[in-house]
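Participant: build me a model:
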Amino acid sequence: MLSLVSRNIPKSRWALTAPMFVLAAALGMWRALAYDTAAVSSPEALGFSSPRLARIAAWQQAQVDAGAFSGAVAAIARNGKVAYLHAVGYRDNAKTIPLQPDAIFWIASMTKPVTSVAAMMLVEEGKLDLAASVYRYLPELRDMMVAVETTDPASGQSRLMLEPQKRPMTVEDLLRHTSGLTYYDRGDTAVYKLYRDSRLYDAGLARDGTLKDFVSRLSRLPLVHQPGEAFEYGHSADVLGRVIEVASGQPLDQFLDQRLFKPLGMVDTGFWVPPAKLARLIDPPAGALMLPDRDVTKPTTLFSGGGGLVSTASDYLRFCQMMLNDGELDGVRILSPATVHRMTTNALPQGIRFANGSTFGLGFGIRSDATWSVVPGSVGSFYGSGVWGTYFWVDPAEQLIAMQLIQVVPNKANQFNPTFRNLTYGALLVPHIDEPAPANAPVAIDRSALAALEGTYTFPSSSSRDKQGPFGGLGIEIAMQNGLLKVVSPVPYAPAARAGVMANDVITHLDGETTHGMTLSTAIEKMRGPVHSAITLTIARKGQDAPIELTIVRAPVGAAKGASSDLQVAVRGGKLQVEASGALPVLDFGKGTPMTVVPLSSREFLVDGGDHTRLAFLEDGDGKATGLVLNPGPWEITGQRIN
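Facilitator: Okay, here's the model as predicted:
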């Protein structure tokens, strides 16, 4: 196993080793301190199944073969040790140079958690006040106006007006993305067009520019929401980076390098890739928009706190381990436990939603509700991602860190995260319990009794760890277009379609609440709810003068795309065989590899090998199989028979 503390130097030896490190730095030899990338010897000692961890590389290789991305690095650590560090595919788009585990990636918005930690260090030192108005540090932001756009539902004509801030944005607003600042691509209304037309993204992001100049340009644009009234992913962390510069008296790159990267041993993390390391930089995804700040091969003076960093899996593991350790690593304390707790618990004001069973803390998304989530993991896990597909999460309950580094165009980035997350949790071993031994003489079961068990069984999760539960939805694809919540298409036969919702309908109210000014994620969350609960939609439809009101009952929402967990049960040669038939493997069962299970009784079976998965079929009053329980007991996963 690889240790996350492998770069530690005992303090008693520092006096002897300091000259060596100074020389190494001068000669550009910090690389020698990086992780040893040798194979991990015993994932089982950390509670993982080696064969099931191997499914990650197999799935990633299939994506490379299909052209989804050129290569991937995956890293998983548990209890302070690295259980998995593996690269597949290629470093270049031409697919000629094999990718290595020490590859350098532009991590984009995975910079935001780093900047947030830096800000909280200054808060602890009394140099930065979370409750203070941002203009205390950046006076140029004092008079930023707020855009108010009104739209005529009938004509679609909009009018943009400006109003003053009801209250000034605070430093805390920057950390939790409630400042009102946005990105140019978050919508199609007039205010987003102002951002796109402002030259903020060419001249403002020039690598020879500065954060001071960028913030000055940003101050001339309006806010998209009143501070504190909505979550809006945007330039908050870039502005926070400039606040750090003012509060610390240092450029952001120097502060991060001296206060975070060197103390944590993050030897390959920075705002650009020096020539000596360019051979480890993965190519940008083919066809991606290359804004000036994304050319990390060139030195820069524009230190984007929201998306400027490059890093490696090994480096970012150390940052995450520090957070998992309540702010400390290798005897170096970065933050207090109380501050880490504050950053990784909900910071959003009441009534402000994030998405997908999650909320937002200070710099991190947080899995807050397993029932509403479409991915597994413990409640309290915190995470972040980057626009080109980099992704990580930290699960304190499991003492787990996992990340996947890929480079894909933005509109395809998120589709790969659920599968990686499911495969990671699916590789965890089920804690040992007293297992029934396979019978020396198998229980004799009538062939017709076995045949009665045949069918497809679908599961809400492929893991026994904090399983996500079913929640209700309407079966409707929506989008924000010119400030209107518009129906792109209802899913055939889903509740919305059955109720009469049509493509191009404009949803003006959800349960009586206007959708004007509502973010798309908030609208999606409001449409979700408990299965069989009802919601009323008010709809404006072209050709009809009066609004239409439809009350729709929510139906169970299926698994995320590419994350279905199904098992196919069949009788072959007089024996019961089980095989994964969905997109994901489930415990011992993979796709294309039917596994014969040993009968313990007419309704109980056991995998004689692997993780010794136990199976118990459920039946109704007539003896018909209705479901399947894997590993009955505290770690069970229950599936429903669907045919």
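
Participant: can you show me the strands along the stretch 1-150 of the chain?
Facilitator: For the stretch 1-150 of the chain, the strands defined by DSSP state E, counting those that start in this stretch occupy 2-3, 71-78, 81-89, 105-106, 146-151.

Participant: do the same with the stretch 451-600 of the chain
Facilitator: In the stretch 451-600 of the chain, the segments counted as strands under DSSP E, counting those that start in this stretch are 455-459, 472-473, 476-481, 484-490, 506-510, 513-514, 534-540, 548-553, 555-556, 565-572, 575-580, 595-596, 598-599.

Participant: what's the longest helix in this protein?
Facilitator: Looking across the chain with DSSP state H, the single longest helix is helix 50-65.

Participant: what mean pLDDT does that helix have?
Facilitator: Helix 50-65 shows a mean pLDDT of 96.

Participant: and the angle from that helix to strand 81-89?
Facilitator: 30 degrees (axes from the mean of the first three to the mean of the last three C-alpha atoms, to 10 degrees).

Participant: list the buried residues for helix 50-65?
Facilitator: For helix 50-65, the neighbour count (16 or more other C-beta atoms under 10 Å) marks 52, 53, 55, 56, 57, 59, 60, 63, 64 as buried. Where C-beta positions appear, they are placed from N, C-alpha and C, glycine not excepted.

Participant: need those residues in CSV with distance to residue 183, can you?
Facilitator: Shown next, in CSV, are those (distance: C-beta to C-beta, whole Å):
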residue, distance to residue 183
52, 38
53, 36
55, 35
56, 31
57, 34
59, 31
60, 29
63, 27
64, 29
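
Participant: dump stretch 347-362 to CSV, keeping only the CA atoms.
Facilitator: What follows is stretch 347-362, C-alpha atoms only, in CSV (Å, rounded to 0.1, in the frame of the first residue of the first chain):
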residue,chain,number,x,y,z
ALA,A,347,-23.7,27.1,4.6
LEU,A,348,-26.6,28.1,2.3
PRO,A,349,-29.4,30.2,3.8
GLN,A,350,-32.8,28.6,4.3
GLY,A,351,-34.7,28.2,1.1
ILE,A,352,-31.7,28.2,-1.2
ARG,A,353,-31.2,24.9,-2.9
PHE,A,354,-28.2,23.3,-4.6
ALA,A,355,-29.0,20.0,-6.5
ASN,A,356,-29.2,16.2,-6.5
GLY,A,357,-29.5,15.5,-2.8
SER,A,358,-26.6,17.9,-2.0
THR,A,359,-26.1,21.3,-0.5
PHE,A,360,-23.1,23.6,-0.4
GLY,A,361,-20.6,24.6,2.3
LEU,A,362,-17.7,27.0,2.1
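
Participant: can you list the buried residues in that stretch?
Facilitator: Going by 16+ other C-beta under 10 Å, stretch 347-362 has these buried residues: 347-348, 352-362.

Participant: likewise for stretch 477-495?
Facilitator: 478, 480, 483, 484, 485, 486, 487, 490, 491, 494, 495.

Participant: how about those in TSV, adding distance to residue 424 and pLDDT?
Facilitator: Listed next are these as TSV, based on distance: C-beta to C-beta, whole Å; pLDDT from 0 to 100:
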residue	distance to residue 424	pLDDT
478	31	86
480	33	77
483	39	75
484	39	86
485	35	90
486	36	91
487	35	91
490	34	86
491	29	79
494	30	83
495	33	91
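
Participant: which of those sits closest to residue 149?
Facilitator: Nearest to residue 149 among the buried residues of stretch 477-495 is residue 483, at 5.4 Å by C-beta to C-beta.

Participant: which stretch in the strands of the stretch 451-600 of the chain is the model least sure about?
Facilitator: Among these, strand 555-556 has the lowest mean pLDDT, at a mean of 77.

Participant: looking at the buried residues of stretch 477-495, spot the one nearest residue 545.
Facilitator: Nearest to residue 545 out of those is residue 484 (C-beta to C-beta; 17.3 Å).
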